[in-house]
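> Show me how the following folds:
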Amino acid sequence: MTTQTPNAADRLLDAALMHVAFDGWSEATLKAAAGDCDMDPALARALYPRGGLDLALAYHRRGDVAMKAALAERDLSALKFRERIALAVRLRLEQADREAVRRGATLLALPQNAPEGARALWETADAIWTTLGDTSEDGNWYSKRAILSAVYSSTVLFWLGDESTGYEDTWAFLDRRIENVMQFEQTKARIKASPVLNPVLGLPFRLLESIRKPGAPAPMPGRWG
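Prediction:
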């Protein structure tokens with residue numbers, strides 16, 4: 001087994017994590033990390049052109065990669081699908097540094113950074129569904145990711161303030177949110193199966209079925225069928 005040597009971007013991100021608790025995802029953190037790595041500031045700027053914002057996004061995407069690797073090592077065959085989703089979210093948070101996430105959430109909540117924050121959230125939801133083998137091709141591709149984005153973001157906010165042992169309250173909160181989603185899916189199925197409700201209330205679902213998922217790796221936008 002060989003050990004892969006971290007590249008310059010990874011080394012810089014690792015060094016930045018030592019400063020995030022004090023300086024947030026900021027220019028000061030980028031400069032301090034470059035100094036810790038004995039890296040030319042010009043190279044550090046080339047690797048993370050937008051400074052702290054790009055560092056925060058790189059850390060977020062690193063978490064997605066770690067989550068997918070952790071899921072790949074698990075035997076999910078005995079789990080219901082809702083349990084697989086809960087496990088994926090839990091693995092995603094358990095490997096994260098809470099202060100780094102807190103600082104990142106603060107930065108990405110700023111109006112000028114909101115599009116990047118929304119994209120990062122969507123990428124996490126997409127990573128979970130794709131890793132779990134989602135095969136949807138229509139509007140369900142979007143609705144699954146939109147709903148999971150809402151579940152994930154609300155769970156993160158709860159987790160950031162959770163002081164319970166082992167974050168037990170967070171995992172209970174997550175289970176409740178997924179239960180809410182399952183209730184919605186059950187209601188949707190009843191509407192689609194009802195000859196009385198489907199002609200009117202089922203219209204939004206029929207419209208969703210006419211939308212196709214993206215044909216390119218970029219998560220948005222899609223196309224009409």
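
> Mind jotting down where the strands sit in this protein?
Along the chain, counting by DSSP state E, strands occupy 211-212, 223-224.

> need the least confident one among these, by mean pLDDT.
With a mean of 44, strand 223-224 has the lowest mean pLDDT of the strands of the chain.

> Contacts only, for A109.
A109 makes contact with G117 under the criterion C-beta atoms under 8 Å, 6 or more residues apart in numbering. From N, CA and C alone the C-beta is placed, and that goes for glycine too.

> go on, D162?
Counting by C-beta under 8 Å, 6+ apart, D162 makes contact with 169-170.

> For it, give its distance to T124.
From D162 over to T124 the distance is 19 Å, taken as C-beta to C-beta, to the nearest Å.

> Likewise for T106?
As defined by C-beta to C-beta, T106 lies at a distance of 18 Å from T124.

> Of the two, give the one with the bigger neighbour count.
Just comparing T106 and T124: by other C-beta atoms under 10 Å the higher neighbour count belongs to T124, 24 against 13.

> Tell me, what's the model's pLDDT at the closest residue to the more buried one other than its chain neighbours?
Nearest residue to T124, sequence neighbours excluded (C-beta to C-beta, 6 or more residues apart in numbering): D64, at 5.5 Å. The per-residue pLDDT reported for D64 equals 98.

> contacting residues for D64?
Here D64 is in contact with 92, 123-124, 127 (C-beta under 8 Å, 6+ apart).
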